[in-house]
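[1] sequence and computational prediction follow.
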Amino acid sequence: ASEDSSKPWVFLEPEEVLIQNLEMNLDLDVADEQILVLKHRDEVESPLSLVVVDFDPVINMYKRTWAYSTKATNVRTFSLSLSDVIGDHKLEIVCFGTDSEDRQTLSILWRSRSTEGPELVYTAVCEIVVAGSIEIVEQPRSEAYEAGMKDGESYTIVTREHTKDSGNILDIYKSTYFWDFKSRGYIKMQEEFIPGEKIAEARFSSLLQKEGEDFLHYFDGPWYNISSDTSGKEEETVLFFETAQNRLLLYTGNIQEIYRWEDITRSLKNRIFFQGMNELMPYVTNEVYIVMQSMDSISVTLRDIDSHSRIKTNNDIWTGDYVRLTDSSWRQLASNPGSNAQKSSVPQVDVIGQYVADDGSRLIFNKPHFSMFRNEVSEKGLFSLYTRGYDFMELRFLDNSNVPVRSELYRFEYQETKGLTEIVRTMILTPGRMTADGFSLSGEAPRRFEQIETLESDL
């Protein structure tokens, strides 16, 4: 399976916009199938739709065999994955998202038989929309299931919603859905009222009432994984949030990773969720769930998303309970030669203004934006600097609708020379790409850019 950036295998209608596609053999025949996620071009509030494309040997071409309109409308928070939720050794299509009212949505689509022949079709066996959170709770499965000899236990689905009439903003209703084979769908079988714990600190309760950036600033700074102290892990694990830059930095031992998010979903006042994309390797993605427990403690669940199958697995390194580090504790941890936070992940260089290359092309930086002018072509996008052995600059190019179209990665070298009348800033960008073995040069010649600042005379 692969999440492919290639064109769809069928023609799209003029009003259809392709959001993403997934290629995989869904029914174990000779040909692969394709799942398309589409959006209406001119209707912002229109739901995201799925189209299954399969090969028809009779007409010797691919065609649409099934379509479905999800409950989600937000492109940024939409998640498409494949998972054997039911336990029958088939991969269901699982769609998480949010609608125009920021409610959580879930659709689970089960492969079924077509009434019109052997075409590949699906049935919606679960459709949930809640003003809260939705979680698929995985159940342990037997060795017989793993060996393909027996069906496994179906996963349950749990929703949590805030109680509107409660005086405590943490009081919630918990609903549990179970798979019912007879009705061929998920049915709500349990409802439970869970009273919220009394918040010891008044400022925590006040924080939960905040919105937007005022709320997100709560996460800024370092958090220490106390679970590693009790799990026997030798390495310390630290998360560092930079919400103004939409960045999460992860440190442990010799591992240092940086993830960016485009959108954050908040539910139940004290929970957030976002999908992260690795700055060095954009095809590496994850899902991060965070529950605020107090002013100084959070619970983090991080799931890696396989770039090919879209199957999610829990990351035991980063998942755990965290406490906020004070400034003094962070400095002590960072100054420890054996610490995971030895160096900053960002080069201490302030790149701003216009840089001119030897061939006359120009780069203009206005953090985090850049404009590039080369060969009489003007392009724009976002740039970022980070360190992983070497310093790197990544240029992410955007189209006129601010949709990412491509990215370019460079090894970044910087020098600043100050004279009596001017400051010369030199930037050398060596193109390449990140591989499993590290940074690999493309073979193209390095590009040299220069910025000259004239100093004012005191005379």
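    Cool, the structure landed.
[2] F193: neighbouring residues, count only.
    Around F193 there are 10 other residues, counting by other Cβ atoms under 10 Å. Every C-beta, even on glycine, is put in place using the N, C-alpha and C of the backbone.
[3] burial check on the residue lying closest to it once chain neighbours are set aside, number of neighbours?
    Counting by Cβ to Cβ, 6 or more residues apart in numbering, Y173 is the residue found nearest to F193 once chain neighbours are left out, at 5.8 Å. A count of nearby residues for Y173, using other Cβ under 10 Å, gives 17.
[4] confirm Y173 sits in a strand?
    Yes - under DSSP: H, G, I helix; E, B strand; the rest coil, Y173 sits within a strand.
[5] beta partners for it?
    Using DSSP bridges, the bridge partners assigned to Y173 are E161, F193.
[6] can you give me the strands in the stretch 1-150 of the chain?
    Ranges of strands within the stretch 1-150 of the chain are 16-24, 33-40, 49-56, 61-69, 79-83, 92-98, 104-114, 117-130, 132-137, based on DSSP state E, counting those that start in this stretch.
[7] quick one: strands adjacent to the third one?
    Based on DSSP bridges, the strands next to strand 49-56 in the sheet, each with its direction, are strand 33-40 (antiparallel), strand 61-69 (antiparallel).
[8] tell me how many other residues crowd L302.
    Neighbours of L302 (other Cβ under 10 Å): 21.
[9] that one and W318 touch, don't they?
    Yes - assessed by Cβ atoms under 8 Å, L302 is found in contact with W318 at 4.2 Å.
[10] count the neighbours of the nearest residue to S227 once chain neighbours are set aside for me.
    Nearest non-adjacent residue to S227, counting by Cβ to Cβ, 6+ apart: G320, 3.1 Å away. Close neighbours of G320, defined as other Cβ under 10 Å, add up to 22.
[11] same deal with E191?
    10.
[12] cool, E161 as well?
    Counted with other Cβ under 10 Å, E161 comes out at 18.
[13] and N225, by the same measure?
    24.
[14] state the pLDDT value of it.
    N225 carries a pLDDT value of 88.
[15] residue boundaries of the helices in this protein?
    143-146, 202-208, 212-216, 227-231, 327-335 (DSSP state H).
[16] give me the contacts around the third one.
    Contact partners of helix 212-216, identified using Cβ atoms under 8 Å, 6 or more residues apart in numbering, comprise L207, L208, T243, A244, I264, R266.
[17] over to the shortest one?
    The contact list for helix 143-146, computed with Cβ under 8 Å, 6+ apart, reads G87, H89, K150, D151, G152.
[18] among these, which one lies nearest to P47?
    G87 (28.4 Å; Cβ to Cβ).
[19] tally of neighbours for the nearest residue to the closest one once chain neighbours are set aside?
    Take G87 and drop its neighbours on the chain: the residue closest to it by Cβ to Cβ, 6+ apart is G152, 3.6 Å away. For G152, the count of nearby residues is 17 (other Cβ under 10 Å).
[20] what do you get for W223?
    Neighbourhood size, W223 [other Cβ under 10 Å]: 22.
[21] how about it: what's its closest non-neighbour residue?
    Here the residue nearest W223, using Cβ to Cβ, 6+ apart, is Y322, at 3.9 Å.
[22] surely the one you found touches F219?
    No - applying Cβ under 8 Å, one finds Y322 not in contact with F219, separated by 10.2 Å.
[23] identify the contacts common to these two.
    I298.
[24] which of these two has more neighbours?
    In terms of neighbours (other Cβ under 10 Å), Y322 is the more surrounded of Y322 and F219; the figures are 23 against 19.
[25] hey, what's the more buried one bridged with?
    Taking DSSP bridges as the rule, Y322 bridges to N225, I298.
[26] how about it, what does it touch?
    So Y322 contacts W223, Y224, N225, I226, L239, S297, I298, S299, V300 (Cβ under 8 Å, 6+ apart).
[27] in stretch 354-373, what's buried?
    Y355, V356, A357, S361, L363, F365, F370, M372, F373 (16 or more other Cβ atoms under 10 Å).
[28] closest one of those to E161?
    Using Cβ to Cβ, those come closest to E161 at F370, 43.2 Å.
[29] report the contact partners of the residue nearest the centre of the chain.
    The chain has Q275 as the residue nearest its centroid, 2.1 Å off, counting by Cα atoms, centre = their mean. By Cβ under 8 Å, 6+ apart, Q275 lies in contact with T77, S79, W261, E262, T285, N286, E287, V288, I305.
[30] picking that back up, so the residue nearest to S227 touches N225, yeah?
    Yes - under the criterion of Cβ under 8 Å, G320 makes contact with N225 at 4.7 Å.
[31] that older thread, show only the entries of the contacts of Q275 found in strands.
    S79, T285, N286, E287, V288, I305 (DSSP state E).
[32] could you check the pLDDT of the last one?
    Which is I305. For I305, pLDDT reads 87.
[33] next up, the contacts around it.
    Counting by Cβ under 8 Å, 6+ apart, I305 has contacts S81, Q275, T285, N286, E287, I311, K312.
[34] mind putting the strands paired with strand 49-56 in JSON lines, distance to F383 and mean pLDDT included?
    What follows is these, written out as JSON lines (distance: least, Cβ to Cβ, whole Å; pLDDT from 0 to 100):
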{"stretch": "strand 33-40", "distance to F383": "28", "mean pLDDT": "91"}
{"stretch": "strand 61-69", "distance to F383": "38", "mean pLDDT": "92"}
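[35] need the winner for burial among the ones you listed.
    Stretch with highest mean neighbour count among those: strand 33-40 (a mean of 20; mean count of other Cβ atoms under 10 Å).
[36] outside of it itself, list whatever touches it.
    Contacts for strand 33-40 (Cβ under 8 Å, 6+ apart): 8-10, 12, 15-27, 46, 48-55, 62, 75, 78, 80, 93, 120.
[37] ok now it, how far from the chain's centre?
    Put simply, strand 33-40 sits 19 Å off its chain's centre (Cα atoms, centre = their mean, to the nearest Å).
[38] same check on stretch 440-456?
    32 Å.
[39] now swap in stretch 412-425 and tell me
    For stretch 412-425, the distance to the chain centre is 38 Å (Cα atoms, centre = their mean).
[40] can you check stretch 90-103 too?
    15 Å.
[41] that one: end-to-end distance?
    29 Å (Cα to Cα, to the nearest Å).
[42] quick check: buried residues in it?
    L91, E92, I93, V94, C95, F96, G97, T98, D99, R103.
[43] then stretch 268-284?
    The neighbour-count check on stretch 268-284 (16+ other Cβ under 10 Å) flags 268-277, 279-280, 282, 284 as buried.
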